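Student: Predicted model and sequence follow; I will ask about them next.
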Amino acid sequence: MASAYRNAGLAKGSAADHELVKALQRDLRALGYLRQGIDGDFGAGTHLAVCRLQHDLLHNDGSSTSGDGNAPCAVRDFNAGRVTSTDGVVAAGLADCIADLLAADSYPKLPSAADPRAANAAAVGQIANAPSTVAPTPFMLAMFRQESNLQHYRVPAGANSDNFVTLGLDTKFEDQQNRVTSRGYGLGQFTIFHHPPRPAEVSDFIVDPVRNVAKAHREFREKFDRFVASPLPVGAEDRHAEHPGEPLRTCKFPPGDPRFLRDCRTCAAEAPKLIIRADTPVMTGSATKYGDQTLYNEYPLTGVPDRAALPCDWPYAARRYNGSGPLSYNYQSRILRNLVT
């Protein structure tokens, strides 16, 4: 079935009917190319989403970028010569490709929620009221606040009618922004490295926030067990600098104590608080400063619990959850502040 915007020539900067742009944005969200926003504005985000879809129609063969298995179909198989470049223009050929992708049973679509606000509140309540014994739920909720603002589904606001599952898109190569290498889904932004997701993945952790978070807990625990205290360069550099030679510290409370992996907020509240400025080194003696990363620009960052003073190693695992580069220190500082705010 032909899309309503097939012959509209939608593109960034062009005069276009807002309802047609919203129809395009809704389709791009369902297909997993637009990060967020169904507002009728063909801005930079929509332009990038169109370019990324065009890239996949030219190159995506369904393989994984990190060994987690193939996608259920190859996006490029839907091209049939209709898309030849990544120019960000929604010509008739691209619109027809979108229509075919939406109609194909082999290409799973992302879910939306009829009442996303209620769905999000129910999900957070379930998680908070049934803490995990795999990884500390307070840390996880602090991370989810940073990753997804505690939203499994986007909540519409004003002209923006987006109610699809929360989506994160990552690129491994700075000079290849049209090539998405991984996508994080939902409340816990559980990440997969193939696209589209398999039907079982949609029905599991993409639709269900509790299963999404359970997978995130296991991934967080894996980062803790495998990386924090491992020898450098694999291990957490900040942990080696601040607690050299110490055994891995899971919690100051023993298993069986009701506070085990649950009382993180108290520990964070009792730790000395830091003021992090743009010129603050990410750790003592480091040439890397917090302000070196353009993604974060809130400085000074006040009230940050001193990670070295916490009686566990989860702050270092939280940083590794987001990677190991300089940007991860900014992520870590905000996770720690989320614990106490």
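Tutor: On my side now, so go ahead.
Student: Tell me which other helices or strands the helix ranked longest in the chain touches.
Tutor: Longest helix in the chain, counting residues (DSSP state H): helix 209-227. Packed against helix 209-227 by the contact rule (3 or more C-beta pairs under 8 Å, 6 or more residues apart in numbering; DSSP states H and E) you find helix 116-129, helix 137-148, strand 190-192, helix 314-321. For every residue, glycine as well, the C-beta is placed using N, CA and C.
Student: Now stretch 11-29: average pLDDT?
Tutor: Across stretch 11-29, pLDDT averages out at 93.
Student: what's in contact with it?
Tutor: Stretch 11-29 has contacts (C-beta atoms under 8 Å, 6 or more residues apart in numbering) with 3-5, 8-10, 34, 36-44, 46-47, 49-50, 53, 88-90, 98, 102, 110, 112, 161-162, 164, 167.
Student: same thing with stretch 99-119?
Tutor: 1-3, 6, 27, 29-32, 72-73, 75, 78, 151-156, 163-165, 167, 185, 196-199, 201-202, 206-207, 209.
Student: how about 7 Å then?
Tutor: By C-beta atoms under 7 Å, 6 or more residues apart in numbering, the residues outside stretch 99-119 that reach it are 1-3, 27, 29-32, 72-73, 78, 152-155, 163-165, 167, 196-197, 199, 202, 206-207.
Student: what do you get for stretch 91-98?
Tutor: Here stretch 91-98 makes contact (C-beta under 7 Å, 6+ apart) with 3, 5, 6, 7, 27, 54, 57, 78, 79, 82, 83.
Student: Show me where the stretch 201-341 of the chain has its strands.
Tutor: Remark: strands assigned in the stretch 201-341 of the chain by DSSP state E, counting those that start in this stretch are 273-276, 301-305.
Student: now the spatially closest residue to residue 315 that is not a sequence neighbour: how far from residue 289?
Tutor: Here the nearest residue to residue 315 in space, its sequence neighbours aside, is residue 307; by C-beta to C-beta, 6 or more residues apart in numbering that works out to 3.9 Å. Using C-beta to C-beta, to the nearest Å, residue 307 is found at 17 Å from residue 289.
Student: out of the two, which sits in the busier spot?
Tutor: residue 307 (26 against 16; other C-beta atoms under 10 Å).
Student: And that one, how close does it get to residue 274?
Tutor: From residue 307 across to residue 274, the span is 9 Å (C-beta to C-beta).
Student: what does residue 324 give?
Tutor: Relative to residue 274, residue 324 is positioned 21 Å away (C-beta to C-beta).
Student: okay, the two: which has more neighbours?
Tutor: Neighbour tally, residue 324 and residue 274, criterion other C-beta under 10 Å: the higher count belongs to residue 274, 20 against 15.
Student: so what's the more buried one up against?
Tutor: When contacts are counted by C-beta under 7 Å, 6+ apart, residue 274 touches 304, 306.
Student: before we move on, what about residue 257?
Tutor: Contacts of residue 257 (C-beta under 7 Å, 6+ apart): none.
Student: just residue 170 next, same as before
Tutor: 180, 181, 182.
Student: and it, bridged to which residues?
Tutor: residue 182 (DSSP bridges).
Student: what's next to stretch 261-272, contact-wise?
Tutor: The contact list for stretch 261-272, computed with C-beta under 7 Å, 6+ apart, reads 131, 133, 135-139, 251, 253, 305-306, 309-311, 336, 339-340.
Student: Recalculate using a threshold of 10 Å.
Tutor: 131-142, 250-253, 255, 257, 259, 304-312, 314-315, 335-341 (C-beta atoms under 10 Å, 6 or more residues apart in numbering).
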